[in-house]
Structures are given as C-alpha cells and as structure tokens.
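> okay, predicted coordinates and the sequence, questions at the end:
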Amino acid sequence: MDLRWMGHSAFELITEENLKILIDPFISNNPSCSVPVEEIEADLICITHGHADHFGDALEIANRTGALVIANHEISIFFSRQGFETQGMNIGGSSHFHNIKITMVDAIHSADIDFMEEITPGGKACGFIFELENGRKIYHAGDTSLFGDLKLVVGDFYKPDVALIPIGDRYTMGLKDASTAVKWISPQIVIPMHYNTFPVIEQDPEDFMDLVKNKIPNVEVIILNPGDTYTE
Ligand code: NI
Ligand code: MN
C-alpha cells in the first residue's frame with residue numbers, strides 16, 4: 001500500500017487492489033498541501049469529524065469523483081440530503097468496501113460542523129481502522145486527546161500495525177501524551193500528523209520521535225514531509 005500525507009490529517013491510502021481512500025481531505029485551504037484539489041481522485045472518502053480542517057474539500061471531491069463518503073451517522077445524513085452516495089456508521093461498527101474492512105473507533109474531541117453559517121451538530125468525532133486486503137491494519141486517530149480506550153480498545157483489541165497520531169497540541173494531544181498513546185497502542189510504525197499546519201500547532205516531530213524511542217523503543221517513528229508517501 002501507498003500512504004501519502006498531504007499535510008495536517010489528510011492522507012491518501014492506495015491499497016494493493018488500487019482502491020483510493022482519502023481520509024480527512026483538507027486540501028484547498030491547507031497551507032501545507034501543494035496538491036491542487038482538482039487532481040485528487042478517490043473511490044472512498046472517510047471523514048473523522050465535521051471541523052473544516054478535516055471535512056475539507058469532501059463535497060467537491062465527492063461531487064467530481066462520485067466517491068462513496070464514509071462518516072458518522074449525522075455527517076452521512078448531511079451528505080445524503082444533498083444527493084451524495086454515503087454510508088453512515090457509528091463508534092464500534094465496521095463497514096466493508098471491496099476487500100477493505102473499515103472500523104469506526106472513538107476519539108475524544110468536539111465534532112460540530114463548523115464551516116456553515118450556523119454551527120451545526122455533527123455527531124461524534126471518531127478515528128478509523130482500515131484492515132487491508134493483506135490483513136495490515138492502519139489506524140487514523142482523527143483529532144483526539146489521550147484516553148484509556150486507546151490502550152484497551154485500539155491497542156489491546158484492534159492491534160493496528162501502523163498508527164497515524166496527532167501531535168500538534170492545543171486541539172489534540174501534544175508530544176508527551178501522543179508518545180504515551182503510542183506506548184499504549186504499540187503499533188509497529190507511527191506517523192505523526194496534525195502539526196505545523198498553523199503556528200498554534202507548531203511542534204518538532206524529532207522531539208516526538210525521541211519521546212517515543214524512550215518510552216517504547218521497538219516502535220518505528222516515520223516523519224513524513226507533506227507530499228511524501230510511506231510504502232509497504
Ligand atoms: Ni477538530
Ligand atoms: Mn483538527
């Protein structure tokens with residue numbers, strides 16, 4: 001699989017069977033993303049919550065590509081009322097897309113849709129676990145604080161192989177709590193996200209790497225630059 005980071009929490013996951021999954025497609029207003037939104041293709045768009053820096057260009061991309069939108073029940077209704085193909089889910093549930101299993105897991109974060117004229121209730125913020133054709137599990141944490149079920153549910157039960165974890169602080173975990181989240185989840189590989197997009201979430205990912213190395217040395221931290229692809 002190829003996992004391209006487009007800055008912030010936006011990732012493009014291309015699976016062995018060439019399915020294109022976009023996660024939190026914050027593209028055109030994302031200062032760290034240099035890809036023009038018109039060039040983004042997708043079979044599936046997964047949205048962790050309704051904040052503008054995650055919902056991003058989902059409407060435009062879904063409209064142009066016909067991609068199926070996977071999100072919580074409330075955001076799914078928002079899309080279906082505008083005529084889009086969508087699959088609503090909720091925390092703890094799974095959905096299948098070709099040979100990919102997608103599970104929605106909890107995240108501790110607010111989740112209203114914040115880019116409309118009036119703030120609109122958007123259900124619950126979530127993370128996703130993608131179980132690929134080869135059994136590898138990729139966990140996208142969305143925006144979240146540190147919470148106990150990262151250990152009990154995400155780590156001990158789902159056992160993801162690759163974890164995408166926010167480290168920017170202010171709106172999510174910062175370096176210290178994110179490195180503890182990595183210890184609890186205990187993946188093989190961790191990729192930090194949701195940092196350096198804006199001044200208020202500036203962080204040095206090398207400091208995060210050092211903290212993880214101290215707490216759980218067998219986890220490999222991969223620091224991507226926006227536009228970089230991690231391949232396995
Ligand atoms: Ni948010
Ligand atoms: Mn965010």
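Nice, thanks for sending it over. Ligands and ions are numbered 1, 2, ... in the order given.
> show me the strands in this structure, by range?
Assigned by DSSP state E, the strands in the chain fall at 2-5, 11-14, 20-23, 44-46, 68-72, 86-89, 94-97, 100-106, 126-131, 137-140, 162-166, 189-193, 220-221, 229-231.
> Serialize those strands to a markdown table and add fields for mean neighbour count, mean pLDDT and distance to Asn214.
Quick note: C-beta positions are derived from backbone N, CA and C, even for glycine. Shown next, in a markdown table, are the strands of the chain (neighbours: other C-beta atoms under 10 Å; pLDDT from 0 to 100; distance: least, C-beta to C-beta, whole Å):
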| stretch | mean neighbour count | mean pLDDT | distance to Asn214 |
| --- | --- | --- | --- |
| strand 2-5 | 20 | 98 | 24 |
| strand 11-14 | 21 | 98 | 27 |
| strand 20-23 | 25 | 98 | 29 |
| strand 44-46 | 27 | 98 | 32 |
| strand 68-72 | 24 | 98 | 36 |
| strand 86-89 | 20 | 97 | 36 |
| strand 94-97 | 14 | 95 | 35 |
| strand 100-106 | 20 | 98 | 26 |
| strand 126-131 | 24 | 98 | 25 |
| strand 137-140 | 24 | 98 | 22 |
| strand 162-166 | 27 | 98 | 16 |
| strand 189-193 | 24 | 98 | 14 |
| strand 220-221 | 17 | 98 | 11 |
| strand 229-231 | 13 | 98 | 23 |
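> now these as a markdown table including distance to Asn29?
Formatted as a markdown table, these follow (distance: least, C-beta to C-beta, whole Å):
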| stretch | distance to Asn29 |
| --- | --- |
| strand 2-5 | 17 |
| strand 11-14 | 17 |
| strand 20-23 | 15 |
| strand 44-46 | 16 |
| strand 68-72 | 19 |
| strand 86-89 | 22 |
| strand 94-97 | 27 |
| strand 100-106 | 25 |
| strand 126-131 | 22 |
| strand 137-140 | 20 |
| strand 162-166 | 18 |
| strand 189-193 | 17 |
| strand 220-221 | 28 |
| strand 229-231 | 22 |
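> distance to ligand 2 added to those strands, as TSV?
Compiled in TSV, the strands of the chain are given as follows (distance: least, C-beta to the ion, whole Å):
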stretch	distance to ligand 2
strand 2-5	15
strand 11-14	14
strand 20-23	13
strand 44-46	15
strand 68-72	15
strand 86-89	20
strand 94-97	23
strand 100-106	16
strand 126-131	12
strand 137-140	12
strand 162-166	7
strand 189-193	10
strand 220-221	21
strand 229-231	21
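> can you tell me which of these comes nearest to Thr180?
Checking the strands of the chain against Thr180 by C-beta to C-beta gives strand 162-166 as the closest, at 10.5 Å.
> returning to what we had before: which among the strands of the chain is found nearest to Asp112?
Here strand 68-72 is closest among the strands of the chain (C-beta to C-beta), at 11.8 Å.
> the closest one pairs with which strands, and in what direction?
Strand pairing for strand 68-72, using DSSP bridges, gives strand 44-46 (parallel), strand 86-89 (parallel).
> how about the residues of this protein near ligand 1?
Residues of the chain lying close to ligand 1 by C-beta under 5 Å from the ion are His51, Asp143.
> show me where the chain has helices.
52-55, 58-65, 73-80, 149, 175-185, 205-215 (DSSP state H).
> beta partners for the closest residue to Lys159 other than its chain neighbours?
The shortest distance from Lys159 to any non-neighbouring residue, by C-beta to C-beta, 6 or more residues apart in numbering, is to Lys137 (6.8 Å). For Lys137, the beta-bridge partners are Glu131 (DSSP bridges).
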